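[1] Predicted coordinates and the sequence they were generated for:
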Amino acid sequence: MKYLYVGGMAEVDGEALESIRGRVAAEFALSPREIRLPAPGFAYDPIRGQYASTELLENLVRRCPPDAFKLLAVTECDLFIPVLTFVYGHAQLGGRVALVSLARLRQEFYGLPPNREVFVERALKEALHETGHTFGLVHCADRNCAMALSTNVRQIDSKRAEFCAACAARLPRPARPRE
């Protein structure tokens, strides 16, 4: 049997991590497992003050358990790729590994009062989005779809924590590995 591994990198909000694990496992009809992941310090770029998501993703590929169908890592670290100021997450398109950052999903990041419900909803949307990429889904033109591109938090807030009919139809149902 193959599993969906979901784990935090270093200190991650435990409640958010549990919500993500449960929702992603249910959405893709996979049995969830926890995984301990290494601290992401090796990917820190002191010039940018952020973490290189490509380095983190490559490390996760090497650490992916043999019985993993998919691996979703969650981090509190602010991520970047060289051509962008930041990314909310990163995934292997059609691969096994995805990464989501919680850093810019909190209201406090934008100087606003905390709102736990908004934070967790954003985290779920981005976890579905990045995991969707591992199933081969690309960015969707439907702005309400979880697969819609989000370059700012307002775009995350405007989409739903679910796939549009067209994206859902491209997912294997149930989304289980062939054995």
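    Cool, got the structure.

[2] Do a quick rundown of the strands in the protein.
    Ranges of strands within the chain are 3-9, 32-34, 44-45, 50-52, 68-75, 79-80, 89-91, 97-101, based on DSSP state E.

[3] Please, where are all the helices along the chain?
    14-27, 53-63, 116-134, 153-158, 165-170 (DSSP state H).

[4] Can you tell me which of these is packed in deepest?
    helix 116-134 (a mean of 22; mean count of other CB atoms under 10 Å). (Each C-beta comes from the backbone N, C-alpha and C, glycine too.)

[5] That helix vs strand 97-101, what angle?
    Taking axes from the mean of the first three to the mean of the last three CA atoms, to 10 degrees, one finds helix 116-134 and strand 97-101 inclined to each other by 160 degrees.

[6] counting contacts, what elements does helix 116-134 pack onto?
    Helices and strands touching helix 116-134, by 3 or more CB pairs under 8 Å, 6 or more residues apart in numbering; DSSP states H and E, are helix 14-27, strand 68-75, strand 89-91, strand 97-101, helix 153-158.

[7] Mean pLDDT and distance to residue 110 for the ones you listed - can I get that in JSON lines?
    Formatted as JSON lines, the helices and strands packed on helix 116-134 follow (pLDDT from 0 to 100; distance: least, CB to CB, whole Å):
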{"stretch": "helix 14-27", "mean pLDDT": "95", "distance to residue 110": "17"}
{"stretch": "strand 68-75", "mean pLDDT": "97", "distance to residue 110": "19"}
{"stretch": "strand 89-91", "mean pLDDT": "98", "distance to residue 110": "18"}
{"stretch": "strand 97-101", "mean pLDDT": "98", "distance to residue 110": "15"}
{"stretch": "helix 153-158", "mean pLDDT": "97", "distance to residue 110": "7"}
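
[8] In a markdown table: those, plus distance to residue 35.
    Formatted as a markdown table, the helices and strands packed on helix 116-134 follow (distance: least, CB to CB, whole Å):
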| stretch | distance to residue 35 |
| --- | --- |
| helix 14-27 | 10 |
| strand 68-75 | 7 |
| strand 89-91 | 16 |
| strand 97-101 | 11 |
| helix 153-158 | 25 |
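
[9] Of all the ones you listed, which one comes closest to residue 37?
    Comparing the helices and strands packed on helix 116-134 against residue 37 with CB to CB, the closest turns out to be strand 68-75 (5.5 Å).

[10] Next one: the nearest residue to residue 115 once chain neighbours are set aside from residue 116, what distance?
    In space, and not counting its chain neighbours, residue 115 is closest to residue 107: 4.8 Å by CB to CB, 6 or more residues apart in numbering. With distances taken as CB to CB, to the nearest Å, residue 107 is found 9 Å from residue 116.

[11] Please apply the same query to residue 160.
    19 Å.
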